[in-house]
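Asker: Any chance you can model this:
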Amino acid sequence: MVATCAIGGCNREFRELSKGRLFLLPPTGMLGGEKLSDYCYWLCPDCSSVYTLEREGTSPVLRARRSVRSVSSAA
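Answerer: Residues are numbered from 1 along each chain as shown. Next up is the predicted model:
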């Protein structure tokens, strides 16, 4: 069960689903005894504005979010 932000130094408590970002990153080929809740991760609103989580092999990996640039059309 998700209790705090996945960023080690943050420790902000998970209280509302509408705040931050929730990630479900199960490995491919899960075994029968594993629960999906073991692979849920949450980033608080502050951390999720800077980072995202992805699965790399069997582990979740924290990555910096790419900045989104607006493209203005030249008229």
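
Asker: and the residue nearest to residue 47 when sequence neighbours are not counted, what is it in contact with?
Answerer: Nearest non-adjacent residue to residue 47, counting by Cβ to Cβ, 6 or more residues apart in numbering: residue 7, 4.8 Å away. Backbone N, C-alpha and C define where each C-beta goes, glycine included. Counting by Cβ atoms under 8 Å, 6 or more residues apart in numbering, residue 7 touches 43-44, 47, 51, 62.

Asker: tell me the SS of residue 7?
Answerer: coil (DSSP: H, G, I helix; E, B strand; the rest coil).

Asker: ok, it to residue 29 distance?
Answerer: 28 Å (Cβ to Cβ, to the nearest Å).

Asker: Strands of the protein, start to end?
Answerer: 21-24, 40-43, 51-56, 59-64 (DSSP state E).

Asker: Tell me which of these is the most buried.
Answerer: strand 40-43 (a mean of 20; mean count of other Cβ atoms under 10 Å).

Asker: for it, the distance to its chain's centre please.
Answerer: Put simply, strand 40-43 sits 5 Å off its chain's centre (Cα atoms, centre = their mean, to the nearest Å).

Asker: Give me the contacts around it.
Answerer: 1-2, 4-7, 14, 20-25, 51-53, 60.

Asker: one more time with 7 Å
Answerer: Strand 40-43 has contacts (Cβ atoms under 7 Å, 6 or more residues apart in numbering) with 2, 5-7, 14, 20-25, 51, 53, 60.

Asker: That strand pairs with which strands?
Answerer: strand 21-24 (antiparallel) (DSSP bridges).

Asker: returning to what we had before: with distance to residue 37 and pLDDT as added columns, please give the contacts of residue 7 in CSV.
Answerer: Below are the contacts of residue 7 laid out as CSV (distance: Cβ to Cβ, whole Å; pLDDT from 0 to 100):
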residue, distance to residue 37, pLDDT
43, 17, 96
44, 19, 96
47, 20, 95
51, 21, 95
62, 20, 93
